[in-house]
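Participant: what's the 3D shape of this:
(chains A, B, C and D)
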There are 2 protein chains.
Amino acid sequence: MVTIKDVARAANMSVATVSRVLNGSGPVSEETGHLIREVASRMRYVPHSGARSLITSKTETLGVLLPDLYGEFFSEIIRGMDSTAQRHGFHLLISRTYADKPEIETAMRAMRGRVDGVVVLSPDLDADSLLNLPSTIPVVLLCSAAKDSQMDSLTIQNCRGAREMVTHLVSMGHRRIAIIKGSPRNYDATERLRGYRGALRDAGITQDESLEREGNFTEAAGYTAVIELLAMRKRPTAIFAANDAMAIGALSALRESGVRVPEEMAVAGFDDIPLARYMDPPLSSVHVPICELGERAVEMLLHGITHKNDHPRRRERVSTELVIRRSTGGESAERPPPKTLKRETVST
Amino acid sequence: MVTIKDVARAANMSVATVSRVLNGSGPVSEETGHLIREVASRMRYVPHSGARSLITSKTETLGVLLPDLYGEFFSEIIRGMDSTAQRHGFHLLISRTYADKPEIETAMRAMRGRVDGVVVLSPDLDADSLLNLPSTIPVVLLCSAAKDSQMDSLTIQNCRGAREMVTHLVSMGHRRIAIIKGSPRNYDATERLRGYRGALRDAGITQDESLEREGNFTEAAGYTAVIELLAMRKRPTAIFAANDAMAIGALSALRESGVRVPEEMAVAGFDDIPLARYMDPPLSSVHVPICELGERAVEMLLHGITHKNDHPRRRERVSTELVIRRSTGGESAERPPPKTLKRETVST
DNA sequence: GCCCTCTATGTAAACGATTACATATTTGTT
DNA sequence: AACAAATATGTAATCGTTTACATAGAGGGC
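Facilitator: Predicted structure coming up:
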């Protein structure tokens, strides 16, 4: 592999001069500039980023720690991160981990010297446990319960979104509204549950534990939960699934059971994945700007990096938007997707 | 940040000894071993991977160059790559690029010194153009037309898969079978088209250009194509979409137009994304083991790395499997998903 | 007591870049 | 003509590791 030394030798110059030419730093004569550039490209010289980052102590790489995410959510959030990172000349180093502490710690160690900062997406409730990471590099906590963390954090307005959707169901005349929950250890899931309960309370509907079914964000879980709900003596008239995948499983179970949606049963989801509008009937959902979530996380991280992690910590949450389609009996007119990212900031 | 020197100083030892202890290389007395380990962990020392890889010339990182992929395909292939990479102690450096040459070249340059090898997923037809990359590091070409490439390559058995599906449609009595194509510049898409035509030829059905509609792998494209097909004087009785997303768009358009599936129109897709079985009716599709595609690509890459890129090049293709559900009028009994990855190898 | 072999440790040279500082040359000012 | 300022280039230290080689002491065989 050809190094800067080889180029210097071939051009009969010192490595310093070659470096200056190639980086446009310091003064060089036009003549040597041409020469060196010519030699370098002829020799197919490519600078060794590893060596460069050792001396500059910048890797221009961002670490991303993710749980074992599935589908649309994963790809969209990466898309958002990557596009913003790339716009600022950064790369993405991705690592999947379980959410438990030793795993995360190992992953963080491995990041040392490879990245300038890390986005940690740990939906597990006690993301606090990572709190005392001895991390001197900037960290942005994504979709986690970042209580009084020393780190920046970014979350979805889960609670308000869920509350709005359930309130919508109430406004359509429903009183027996079931929820298919996510894992009790999942932050987003617990917040959505909180929103559901809040909306029922607002409407003066007494809580009924039997209408709260377990789930784990998969289509299969939604399917199973519906089968159970349909077996109840007193069926609900509406189902709020804590995410779209479960809502889709729910629709499928209802169809097989011959229950008409929305006439006999209204169904709503959360996330508004692209497929939601192609369901039968098109699925009402709470729109989450996933891509922008990734973008914003990276922006926050870059901010932390340029300020050498010595900046006031921020806690932001991106807002959701209700999208009513036919599955809840709403008008099926499609509103244009929200264009701008609205958020609400709390400085800490 | 604490370095190995700091640890050495604190333990009153030389850096060499510290390095030996921490890497378990060379002989050390039990006593100093304990001491150094204790000091290192007390000081929260974390080795700097960048510095390490400079001297060892191993980064333990794999580069992944991807086009702007959407949805399930993206997340699944990354999942497969990451799990295999991690099992071998490697990380993933991900970079999205457009498929054109300058972009790819820039991305490849940026990888220098950061990775030990690269997986390039460039579905664009002339992946040959990248062929003369002056890449001294191992490269695996994924889902590309790797004609007589110097690199390892891995593709899907697109042609056979499509052929089987269309043959199935023929066996159900269809003669006027439409296809919703992918981009003409997309390798997978052109191969699937080839399979479609081959199957028609096999069945002695004369080709009808008007039954071949443009598409681009999005739900919207599938939707539009169906609207056009329904407007024809002589409608087809079956539609083969070159991927599931378009098939889903197609189902949605048929539903809105009041055309019953499969009674009035059979629909089939390609990829068999998890959602396919939850469609209404459940979608027949050609199952692609996406995750295993990623796993296998990384295995090939690792093989190239351990052999310092001096190994016989391989050209592999993973096989697909027909999954017949109700949308083509087949039995709806769900077969278990294929468990093992079958492939067919051609050494070059 | 001598030499050899281990074992434990230290010294210093890499790896491939950047950059502060030194030096040599040119140009400009008076 | 002398000197300062600007320009072009080179020298060498540095980033944080690993590792070949050197050294020193301990134990064993004769």
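
Participant: State the distance from A:Ile324 to chain B.
Facilitator: 18 Å (CB to the nearest CB, to the nearest Å). To be clear about C-beta, it is placed using only N, CA and C from the backbone, and glycine gets the same treatment.

Participant: What of A:His307?
Facilitator: According to CB to the nearest CB, A:His307 and chain B sit 17 Å apart.

Participant: Show me where the stretch 51-200 of chain A has its helices.
Facilitator: Using DSSP state H, counting those that start in this stretch, the helices of the stretch 51-200 of chain A run over A:71-87, A:101-111, A:158-171, A:187-202.

Participant: looking at these, which is closest to B:Gln207?
Facilitator: For those, proximity to B:Gln207 was assessed by CB to CB; helix A:71-87 is nearest, at 35.9 Å.

Participant: buried sites along the closest one?
Facilitator: A:71-82, A:84-86 (16 or more other CB atoms under 10 Å in any protein chain shown).

Participant: follow-up on the earlier one: tabulate the helices of the stretch 51-200 of chain A in CSV, adding columns for distance to B:Thr237 and mean pLDDT.
Facilitator: Output for the helices of the stretch 51-200 of chain A, formatted as CSV (distance: least, CB to CB, whole Å; pLDDT from 0 to 100):
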stretch, distance to B:Thr237, mean pLDDT
helix A:71-87, 32, 90
helix A:101-111, 53, 87
helix A:158-171, 41, 97
helix A:187-202, 44, 96
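
Participant: Same list, those, but as TSV with distance to DNA strand D please.
Facilitator: Below are the helices of the stretch 51-200 of chain A laid out as TSV (distance: least, CB to the nearest atom of the strand, whole Å):
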stretch	distance to DNA strand D
helix A:71-87	24
helix A:101-111	11
helix A:158-171	40
helix A:187-202	34
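
Participant: how about the ones you listed in JSON lines, adding distance to B:Pro102?
Facilitator: As requested, the helices of the stretch 51-200 of chain A are arranged in JSON lines below (distance: least, CB to CB, whole Å):
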{"stretch": "helix A:71-87", "distance to B:Pro102": "15"}
{"stretch": "helix A:101-111", "distance to B:Pro102": "30"}
{"stretch": "helix A:158-171", "distance to B:Pro102": "42"}
{"stretch": "helix A:187-202", "distance to B:Pro102": "40"}
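
Participant: Out of the ones you listed, flag the one nearest DNA strand C.
Facilitator: Among these, the nearest to DNA strand C by CB to the nearest atom of the strand is helix A:101-111 (19.1 Å).

Participant: Might you report the residue contacts of A:Val39?
Facilitator: A:Val7, A:Ala10, A:Ala11 (CB atoms under 8 Å, 6 or more residues apart in numbering or on different chains).

Participant: quick one: which of these is most hemmed in?
Facilitator: The most crowded member of the contacts of A:Val39, judged by other CB atoms under 10 Å in any protein chain shown, is A:Val7 (24 neighbours).

Participant: Just the closest of the contacts of A:Val39 to DNA strand C, please.
Facilitator: Ranked by distance to DNA strand C (CB to the nearest atom of the strand), the contacts of A:Val39 are led by A:Val7 at 7.5 Å.

Participant: what are the phi and psi angles of the closest one?
Facilitator: In terms of degrees, to the nearest 10, the main-chain angles of A:Val7 are phi -60, psi -40.

Participant: mean confidence for stretch A:35-49?
Facilitator: Across stretch A:35-49, the average pLDDT comes to 95.

Participant: Residue nearest the middle of chain A, spatially speaking?
Facilitator: Geometric centre of chain A, nearest residue: A:Ile77, 4.6 Å, by CA atoms, centre = their mean.

Participant: which residues does it contact?
Facilitator: Contacts of A:Ile77 by CB under 8 Å, 6+ apart are A:Leu69, A:Leu121, A:Ile290, A:Cys291, A:Leu293, A:Gly294.

Participant: How is the last one assigned, secondary-structure-wise?
Facilitator: What that stands for is A:Gly294. Counting by DSSP: H, G, I helix; E, B strand; the rest coil, the backbone at A:Gly294 sits in helix.

Participant: was I right about it contacting A:Phe73?
Facilitator: No. At 10.1 Å, A:Gly294 does not count as touching A:Phe73 under the criterion of CB atoms under 8 Å.
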